[in-house]
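A.B. asks: Just the structure for this:
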Amino acid sequence: MGLKKRSKVSAEFNMSSLTDIIFLLLIFFMLTSSLVAPNALNLKLPGSSRASTSVPSQIDRVKIDNSGRYFLNGRRMSLDVLNQELTARARRSSSKFKFVIEHAKSTPVQDVVAVMNIALKLDADGILAAEK
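C.D. replies: From the prediction side, this is the model:
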(Lines give C-alpha, C1' and ligand atoms only; values in the text may rest on other atoms or scores of the structure.)
Protein backbone atom coordinates (compact mmCIF):
# COMPACT_ATOMS: atom_id res chain seq x y z
CA MET A 1 0.00 0.00 0.00
CA GLY A 2 1.39 3.29 -1.00
CA LEU A 3 0.49 5.69 1.82
CA LYS A 4 2.25 8.98 1.66
CA LYS A 5 3.47 10.59 4.79
CA ARG A 6 1.83 13.98 5.28
CA SER A 7 3.98 16.86 6.33
CA LYS A 8 3.17 18.04 9.82
CA VAL A 9 2.05 21.63 10.31
CA SER A 10 4.16 23.46 12.83
CA ALA A 11 2.17 25.18 15.61
CA GLU A 12 5.01 27.51 16.53
CA PHE A 13 4.72 31.29 16.16
CA ASN A 14 7.66 33.47 15.21
CA MET A 15 7.78 36.38 17.67
CA SER A 16 10.62 38.32 16.04
CA SER A 17 8.40 40.17 13.58
CA LEU A 18 5.87 40.98 16.33
CA THR A 19 8.55 42.53 18.55
CA ASP A 20 9.78 44.63 15.62
CA ILE A 21 6.29 46.04 15.12
CA ILE A 22 5.89 46.74 18.84
CA PHE A 23 9.20 48.61 18.98
CA LEU A 24 8.28 50.66 15.91
CA LEU A 25 4.94 51.60 17.47
CA LEU A 26 6.65 52.50 20.73
CA ILE A 27 9.11 54.79 18.95
CA PHE A 28 6.30 56.39 16.93
CA PHE A 29 4.20 57.17 20.00
CA MET A 30 7.20 58.46 21.95
CA LEU A 31 8.07 60.88 19.14
CA THR A 32 4.53 62.10 18.53
CA SER A 33 3.68 62.53 22.21
CA SER A 34 6.53 64.98 22.70
CA LEU A 35 5.25 67.11 19.83
CA VAL A 36 1.74 67.55 21.25
CA ALA A 37 1.36 70.64 23.43
CA PRO A 38 -1.45 70.25 25.96
CA ASN A 39 -4.09 72.97 26.09
CA ALA A 40 -4.74 73.03 29.83
CA LEU A 41 -6.42 75.47 32.16
CA ASN A 42 -4.45 77.11 34.93
CA LEU A 43 -6.65 76.05 37.84
CA LYS A 44 -5.70 75.80 41.48
CA LEU A 45 -7.75 73.03 43.05
CA PRO A 46 -8.22 73.05 46.81
CA GLY A 47 -6.09 70.70 48.83
CA SER A 48 -7.06 68.57 51.78
CA SER A 49 -4.99 70.22 54.48
CA ARG A 50 -6.33 70.41 58.02
CA ALA A 51 -5.03 73.93 58.58
CA SER A 52 -7.64 76.61 58.17
CA THR A 53 -6.78 79.09 55.49
CA SER A 54 -8.70 82.24 54.87
CA VAL A 55 -9.15 83.73 51.44
CA PRO A 56 -8.24 87.42 51.39
CA SER A 57 -11.17 89.74 50.81
CA GLN A 58 -9.60 91.31 47.69
CA ILE A 59 -10.06 88.12 45.65
CA ASP A 60 -13.23 88.26 43.58
CA ARG A 61 -15.80 85.49 43.91
CA VAL A 62 -17.78 84.19 40.97
CA LYS A 63 -20.72 82.09 42.14
CA ILE A 64 -22.84 79.92 39.85
CA ASP A 65 -26.17 78.65 41.14
CA ASN A 66 -28.13 75.55 40.10
CA SER A 67 -30.09 77.34 37.38
CA GLY A 68 -26.98 78.77 35.67
CA ARG A 69 -27.12 82.33 37.01
CA TYR A 70 -23.80 84.07 37.56
CA PHE A 71 -22.92 86.27 40.54
CA LEU A 72 -19.78 88.38 40.93
CA ASN A 73 -19.24 89.30 44.59
CA GLY A 74 -22.97 88.83 45.24
CA ARG A 75 -24.13 90.90 42.23
CA ARG A 76 -26.13 88.99 39.62
CA MET A 77 -25.05 89.43 36.00
CA SER A 78 -25.08 87.68 32.65
CA LEU A 79 -22.09 85.79 31.27
CA ASP A 80 -21.21 88.59 28.83
CA VAL A 81 -21.26 91.24 31.55
CA LEU A 82 -19.26 88.91 33.82
CA ASN A 83 -16.67 88.54 31.06
CA GLN A 84 -16.41 92.32 30.62
CA GLU A 85 -16.21 92.93 34.37
CA LEU A 86 -13.49 90.31 34.92
CA THR A 87 -11.55 91.62 31.93
CA ALA A 88 -11.63 95.13 33.36
CA ARG A 89 -10.54 93.90 36.79
CA ALA A 90 -7.71 91.86 35.24
CA ARG A 91 -6.42 94.94 33.42
CA ARG A 92 -6.50 97.00 36.63
CA SER A 93 -4.70 94.31 38.63
CA SER A 94 -1.01 94.95 39.22
CA SER A 95 -0.19 91.31 39.90
CA LYS A 96 -1.59 88.11 38.39
CA PHE A 97 -5.38 88.28 38.50
CA LYS A 98 -7.06 85.66 40.69
CA PHE A 99 -10.67 84.82 41.39
CA VAL A 100 -12.60 82.03 43.06
CA ILE A 101 -15.19 79.99 41.16
CA GLU A 102 -17.87 78.68 43.53
CA HIS A 103 -20.60 76.32 42.38
CA ALA A 104 -23.13 73.91 43.81
CA LYS A 105 -23.01 70.17 43.17
CA SER A 106 -25.91 70.22 40.74
CA THR A 107 -24.66 73.19 38.70
CA PRO A 108 -24.49 72.33 34.97
CA VAL A 109 -20.93 71.65 33.86
CA GLN A 110 -21.13 73.96 30.83
CA ASP A 111 -21.78 76.95 33.12
CA VAL A 112 -18.65 76.21 35.16
CA VAL A 113 -16.60 75.62 32.00
CA ALA A 114 -17.77 78.98 30.60
CA VAL A 115 -16.21 80.75 33.61
CA MET A 116 -13.07 78.59 33.30
CA ASN A 117 -12.75 79.70 29.66
CA ILE A 118 -12.88 83.33 30.79
CA ALA A 119 -10.03 82.57 33.21
CA LEU A 120 -8.07 80.93 30.40
CA LYS A 121 -8.54 83.90 28.05
CA LEU A 122 -7.46 86.35 30.76
CA ASP A 123 -4.49 84.17 31.79
CA ALA A 124 -5.88 84.39 35.32
CA ASP A 125 -5.77 81.94 38.19
CA GLY A 126 -9.26 80.53 38.63
CA ILE A 127 -9.52 78.75 41.97
CA LEU A 128 -12.26 76.15 41.75
CA ALA A 129 -14.09 75.78 45.07
CA ALA A 130 -16.82 73.19 45.54
CA GLU A 131 -19.35 72.76 48.31
CA LYS A 132 -18.77 70.19 51.05
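
A.B. asks: Output the lowest mean pLDDT helix or strand found in this structure.
C.D. replies: For the chain, counting by mean pLDDT, DSSP states H and E, strand 43-44 ranks last in confidence among helices and strands (a mean of 65).

A.B. asks: how far out from the middle of the chain is the longest helix anywhere in the chain?
C.D. replies: Taking DSSP state H as the assignment, the helix of the chain that covers the most residues is helix 16-35. Helix 16-35 has its C-alpha centroid displaced from the chain centroid by 27 Å (C-alpha atoms, centre = their mean, to the nearest Å).

A.B. asks: Quick check: buried residues in it?
C.D. replies: Residues of helix 16-35 include none that count as buried (16 or more other C-beta atoms under 10 Å). The C-beta positions use only the backbone N, C-alpha and C, and glycine is treated the same way.

A.B. asks: helices or strands next to that helix in the packing?
C.D. replies: Applying 3 or more C-beta pairs under 8 Å, 6 or more residues apart in numbering; DSSP states H and E, we find helix 16-35 packed against no helix or strand.

A.B. asks: Average pLDDT for it, rounded please.
C.D. replies: Taken as a whole, helix 16-35 carries a mean pLDDT of 86.

A.B. asks: Thanks a lot, see you next time.
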